[in-house]
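1. missing the sequence, but the structure's below:
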């Protein structure tokens, strides 16, 4: 079977819910009877075949932040945890893409914030939780305190046939990955075939989204050069406190909303960035729920995820505009 | 706002800086005559917070940090400097195209780091 044909059978479905994104990865046979051979072939090529699972991305809780525009502290974060625990299908893992905490120069206070983050996070009924730091976690001390609580700032792991890579673009204080981590990334990916499904999760965007708002990674092009050797790469990031979708070559980039406050669409703003003003009538507006459908059909259970006092800012994605396939489906 | 003749060093002392500086004049500059603009970085602001340059005219930016390490980043003018704590760095720039640009501190320096920026206007 040709490589492109094999890819056509596999896709990532996305069911997104509340204040973050839930992704479902599953193989889908377009024609009955061929799936078994297909998965066997992919499994042989990539080391492990993709089997159905889902995961959640959360981002930017900024535990400890108490300034304007958002006076709600950890409420959105705690609500997101409740929503995840209420899911009809328990996710295998949660990825948190940085700014777990808000920075402070008082090490003890920052440690307390990390502890508080961990306490809330641990309430999630999810087997696997993986984080990367944001600059507010790790920018002032090169990640020293973060490592004490959450471990290394870059690493990788495999899960049900998908390779996950945690990239750190904050601990060097500047928005960059650095040559050492780039070398590690090349080495880490070297064992994979071109078709391997890869999810990179990081804090800042790896492309120039809005450099004058520090929405970029200065050596992001070098990272993209490494990733461009692979057909099925999805990059998940935070930092920008809003939705965004972007494609560079075959690599798709998705931002998650924040759990504290939102930034506006940069396309409509000149000059410095300012947060979206807090709306006390709609306290969770722009932190809200995103629903992603699969091939035009609502994902099972998604309609039951609404919670009454979260502003629903539902968006629906279909086909190739949906949550990107980790394994692309050119027929969709 | 100050409007200064070309070829004169410009010193913006930390405690008496103008809100903005403007460089005007011709573009014919000898190396020793390159105008100098002093810019001070201190959490979480640059001072001055606005300078005006002339397209085609070379200027030297003398960047000084009064406290911690800061960055000085502006992609369109290829500015990407690190200003170590308490130190001074110099960079020469010759802007080619007119426009209004936001320069940011891209070295994380604390809670309000995200709002540390200044404006460079090129006429």
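-> Received the coordinates, thanks. It should be emphasised that the depicted structure is a prediction, and the values quoted were computed from it without experimental measurement.

2. I'd like to know which residues of chain A are adjacent to chain B.
-> With CB under 8 Å from any CB of the partner chain as the criterion, chain A comes near chain B at residues A:102-105, A:135-136, A:139-140, A:170, A:173-175, A:208, A:211-214, A:216, A:218, A:271-273. C-beta coordinates here come from the backbone N, C-alpha and C atoms, glycine included.

3. which residue packs closest to the closest residue to chain B within chain A, ignoring adjacent ones?
-> At 3.0 Å from chain B, residue A:139 is the closest residue in chain A, using CB to the nearest CB. In this structure, residue A:139 finds its nearest non-sequential neighbour in residue B:108, 3.0 Å apart by CB to CB, 6 or more residues apart in numbering or on different chains.

4. Now do that neighbour against residue A:82, distance only.
-> 32 Å (CB to CB, to the nearest Å).

5. which of the two has more neighbours?
-> residue B:108 (27 against 13; other CB atoms under 10 Å in any protein chain shown).

6. what residues does chain B put near chain A?
-> Residues of chain B lying near chain A (CB under 8 Å from any CB): B:69, B:71, B:73-75, B:80, B:82, B:101-104, B:106-108, B:110-111, B:113-115, B:117.

7. Neighbours of residue A:229, how many?
-> Residue A:229 has 12 neighbours, counted by other CB under 10 Å.

8. Identify the residue nearest it in space, chain neighbours excluded?
-> Residue nearest to residue A:229 in three dimensions, not counting chain neighbours: residue A:194, with 6.9 Å by CB to CB, 6+ apart.

9. element containing that neighbour?
-> Here residue A:194 sits in a region with no helix or strand, counting by DSSP states H and E.

10. Report pLDDT for it.
-> pLDDT for residue A:194: 87.

11. tell me the SS of residue A:165?
-> Using DSSP: H, G, I helix; E, B strand; the rest coil, the structure places residue A:165 in strand.

12. pretty sure it is touching residue A:200, no?
-> Yes. If you go by CB atoms under 8 Å, residue A:165 and residue A:200 touch, sitting 4.7 Å apart.

13. Residue B:66 versus residue B:86, what's the distance?
-> On the measure of CB to CB, residue B:86 and residue B:66 end up 7 Å apart.

14. Then residue A:165?
-> 39 Å.

15. re the thing from before, now do the phi/psi pair for the residue nearest to residue A:139.
-> Backbone torsions for residue B:108, taken as degrees, to the nearest 10, come to phi -50, psi 120.

16. out of residue B:86 and residue B:66, which sits in the more crowded spot?
-> Using other CB under 10 Å as the criterion, residue B:86 and residue B:66 rank with residue B:66 on top: 14 against 11.

17. which stretches of the chain have low pLDDT?
-> Using chain A here. Scanning chain A for pLDDT under 70 picks out the ranges A:1-52, A:70-71, A:281-332.

18. think we crossed wires, I meant chain B
-> B:1-32.

19. which residues in it form strands?
-> Secondary structure of chain B (DSSP state E): strands at B:2-4, B:20-23, B:36-42, B:45-47, B:50-53, B:59-65, B:70-74, B:79-83, B:88-93, B:99-104, B:117-122.

20. on contacts alone, who are the packing partners of the top helix by length along chain A?
-> The longest helix of chain A (DSSP state H) is helix A:107-121. Using 3 or more CB pairs under 8 Å, 6 or more residues apart in numbering or on different chains; DSSP states H and E as the contact test, the elements touching helix A:107-121 are helix A:75-85, helix A:144-150.

21. Dump these to CSV, plus distance to residue B:122.
-> Converted to CSV, these look like this (distance: least, CB to CB, whole Å):
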stretch, distance to residue B:122
helix A:75-85, 41
helix A:144-150, 40
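
22. Need phi/psi at the residue nearest to residue A:229.
-> phi -60, psi -30.

23. quick one: it from residue A:162, how far?
-> 15 Å.

24. ok, those two, which is more surrounded?
-> Taking other CB under 10 Å, residue A:194 and residue A:162 do not tie; residue A:162 has more neighbours (24 against 11).

25. Could you give the backbone dihedrals for that one?
-> Per degrees, to the nearest 10, the backbone of residue A:162 is at phi -110, psi 140.

26. Surely it touches residue A:198?
-> Yes. Using CB under 8 Å, residue A:162 is in contact with residue A:198, at 7.4 Å.

27. Span of stretch A:96-110 from start to end?
-> Length of stretch A:96-110, first residue to last, CA to CA, to the nearest Å: 18 Å.

28. An error on my part: the question was meant for stretch B:70-86.
-> Terminal residues of stretch B:70-86 are spaced 10 Å apart (CA to CA).

29. Helices along chain A, start to end?
-> A:3-8, A:35-46, A:75-85, A:107-121, A:135-138, A:144-150, A:179-189, A:220-227.

30. Check those for me and report the most buried one.
-> Among the helices of chain A, the stretch with the highest mean neighbour count (mean count of other CB atoms under 10 Å in any protein chain shown) is helix A:135-138, at a mean of 29.

31. what helices or strands is it leaning on?
-> Looks like helix A:135-138 contacts helix A:144-150 (3+ CB pairs under 8 Å, 6+ apart).

32. Can you name the residues that contact the residue of chain A closest to chain B?
-> Going by CB atoms under 8 Å, 6 or more residues apart in numbering or on different chains, residue A:139 touches A:103, A:170, A:171, A:173, B:108, B:113.

33. redo that, cut-off 10 Å
-> A:99, A:103, A:133, A:146, A:170-175, B:107-110, B:113 (CB atoms under 10 Å, 6 or more residues apart in numbering or on different chains).

34. Show me what residue of chain B gets nearest to chain A.
-> Counting by CB to the nearest CB, chain B gets nearest to chain A through residue B:108 (3.0 Å).

35. pretty sure that residue is touching residue A:169, no?
-> No. Assessed by CB atoms under 10 Å, residue B:108 is found out of contact with residue A:169, at 11.3 Å.

36. anything in contact with each of these two?
-> In contact with both residue B:108 and residue A:169: A:134, A:135, A:175, using CB under 10 Å, 6+ apart.

37. Residue 103: neighbouring residues, count only.
-> You didn't say which chain, so I picked chain A. Neighbourhood size, residue A:103 [other CB under 10 Å]: 27.

38. Oops, wrong one, chain B.
-> Residue B:103: 26 surrounding residues under other CB under 10 Å.
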